[in-house]
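Novice: pasting the structure only:
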């Protein structure tokens, strides 16, 4: 069970939502960063690796929560007749 939670949390939320949202944000504002920079997997600086990971976690959670609320709103708004 712990493996499933770890795969979901790290794989989907952190690596997919967090990294890709930050990548798109930097690309939109005109300062593109590489995916390797945003993951910081091959860096020798532990501080940089930890800071990139924490930022990916925070952004990933925000994006995941926002998409969850959007999905719930779209599903339940038809049920109660808002849309």
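Specialist: Done, it's in. What you see is a predicted model; the values in this text were computed from it and never measured. Numbering: from 1, shown residues only.
Novice: So for the helix or strand harbouring residue 71, mean pLDDT?
Specialist: With secondary structure defined by DSSP states H and E, residue 71 is part of helix 46-80. Averaged across helix 46-80, pLDDT comes to 87.
Novice: on contacts alone, who are the packing partners of that helix?
Specialist: Packing partners of helix 46-80 (3 or more Cβ pairs under 8 Å, 6 or more residues apart in numbering; DSSP states H and E): helix 19-28, helix 35-39. Quick note: C-beta positions are derived from backbone N, CA and C, even for glycine.
Novice: Now mean neighbour count, mean pLDDT and distance to residue 47 too, for these, in JSON lines please.
Specialist: Shown next, in JSON lines, are the helices and strands packed on helix 46-80 (neighbours: other Cβ atoms under 10 Å; pLDDT from 0 to 100; distance: least, Cβ to Cβ, whole Å):
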{"stretch": "helix 19-28", "mean neighbour count": "15", "mean pLDDT": "92", "distance to residue 47": "18"}
{"stretch": "helix 35-39", "mean neighbour count": "15", "mean pLDDT": "85", "distance to residue 47": "14"}
